[in-house]
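J.: how does the following fold in three dimensions:
(4 chains)
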Number of protein chains: 2
Amino acid sequence: MSLEQLETVVAIAEEGALVRAARRLHISQPPLTRRLQALEHELGTVLFERLPRGMRPTPAGERVVAEARQILAAVDRLRTHVEDP
Amino acid sequence: MSLEQLETVVAIAEEGALVRAARRLHISQPPLTRRLQALEHELGTVLFERLPRGMRPTPAGERVVAEARQILAAVDRLRTHVEDP
DNA sequence: CATGCTTACGGATCACGTAACCATG
DNA sequence: CATGGTTACGTGATCCGTAAGCATG
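T.: Numbering: from 1, shown residues only, chains lettered A, B, ... in the order given. Modelled structure (predicted):
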C-alpha cells in the first residue's frame, strides 16, 4: 500500500470517474486503473463498482476512502509540523 | 513522502543505527542512507544527528518519528478493517 | 582496525504514456 | 458514436545490491 494509492482512491471517489480523477492528479487514465487494481488486489477486495458512466465505491471502498482521508490528513500535518513546529 | 520512508525513520530511531535498522528491514544499509537523505531533503530538515556510533534523532526527527508511528498504525488499522469490517 | 555511514555504479524492476480495444447508453 | 474503463507494449525513471571509500574511537 502506498500514499499514492490512497490519494488515488480518494480522488476517484470524489470525482466519480477515472477520467476526471486522472485530470485532477495530472496523470493519464491507465495508471489509475492499474493503481486501483493493485490496491484492490493487495487488499483482496473490490473497492469500486464499475458503472457504465463511472465508478461508485462499494461499502468496503467507502471505509477505505474514509480512512485514507484521515491518513493523508495526518501526512499533511506532519509536513506542516516540520516547517512550523 | 512514502510509507517506506516513514517505516525507515521509525526503525532507525528504534535501532539507533542504520546497520541494525537495515537488518530489521531485511535490506542493506545504502538504501537506508538514501531513503533517509531523500526524506530529509524533501522536508528540508535534518532528522538524525550522525554520531560516530550511530544515529540520534534531532528534535524535528523526534516529532517526525512520533507522527510517523501514528500514520503507520492508521495504515495497519485500515488493512485489518478491510479484512474484518 | 572495527564499526558504521556514504558514494559510485551497474542492472533489474516499476510505472508511466501512447495506442489499440471493449462496453454501454 | 461518445463516454469511460481496460489491456498491450515500449521506454525512461527508480531503487536495489555490491563494492569501494571515509571517518572515528
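J.: the longest helix along chain A packs against which elements?
T.: Longest helix in chain A, counting residues (DSSP state H): helix A:59-83. Packing contacts for helix A:59-83, counted by 3 or more CB pairs under 8 Å, 6 or more residues apart in numbering or on different chains; DSSP states H and E, involve helix A:3-15, helix B:59-83. In short, each C-beta sits where N, CA and C put it, glycine included.
J.: wondering if the longest one reaches DNA strand C at all.
T.: I take that to be helix B:59-83. No - using CB under 7 Å from any atom of the strand, helix B:59-83 never reaches DNA strand C; the gap is at least 12.7 Å.
J.: out of the helices and strands packed on helix A:59-83, which one sits most buried?
T.: helix A:3-15 (a mean of 20; mean count of other CB atoms under 10 Å in any protein chain shown).
J.: relative to helix B:59-83, how tilted is it?
T.: 60 degrees (axes from the mean of the first three to the mean of the last three CA atoms, to 10 degrees).
J.: coming back round to it: the helices and strands packed on helix A:59-83 into JSON lines, with extra columns for mean pLDDT?
T.: Listed next are these as JSON lines, based on pLDDT from 0 to 100:
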{"stretch": "helix A:3-15", "mean pLDDT": "98"}
{"stretch": "helix B:59-83", "mean pLDDT": "97"}
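J.: okay if I get those helices as TSV plus distance to A:Gly54?
T.: Formatted as TSV, the helices and strands packed on helix A:59-83 follow (distance: least, CB to CB, whole Å):
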stretch	distance to A:Gly54
helix A:3-15	8
helix B:59-83	23
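J.: quick one: name the residues of chain A near DNA strand C.
T.: A:2, A:4, A:27-31, A:34-35, A:38, A:52.
J.: spatially, which two of those residues are the most separated?
T.: Farthest-apart pair in the residues of chain A next to DNA strand C is A:Ser2 and A:Pro52; separation 29.4 Å (CB to CB).
J.: the more surrounded of the two?
T.: Neighbours were counted for A:Ser2 and for A:Pro52 using other CB atoms under 10 Å in any protein chain shown; A:Ser2 has more, 15 against 4.
J.: in terms of contact, does that one touch B:Leu6 like I think?
T.: No - using CB atoms under 8 Å, A:Ser2 is not in contact with B:Leu6, being 11.2 Å away.
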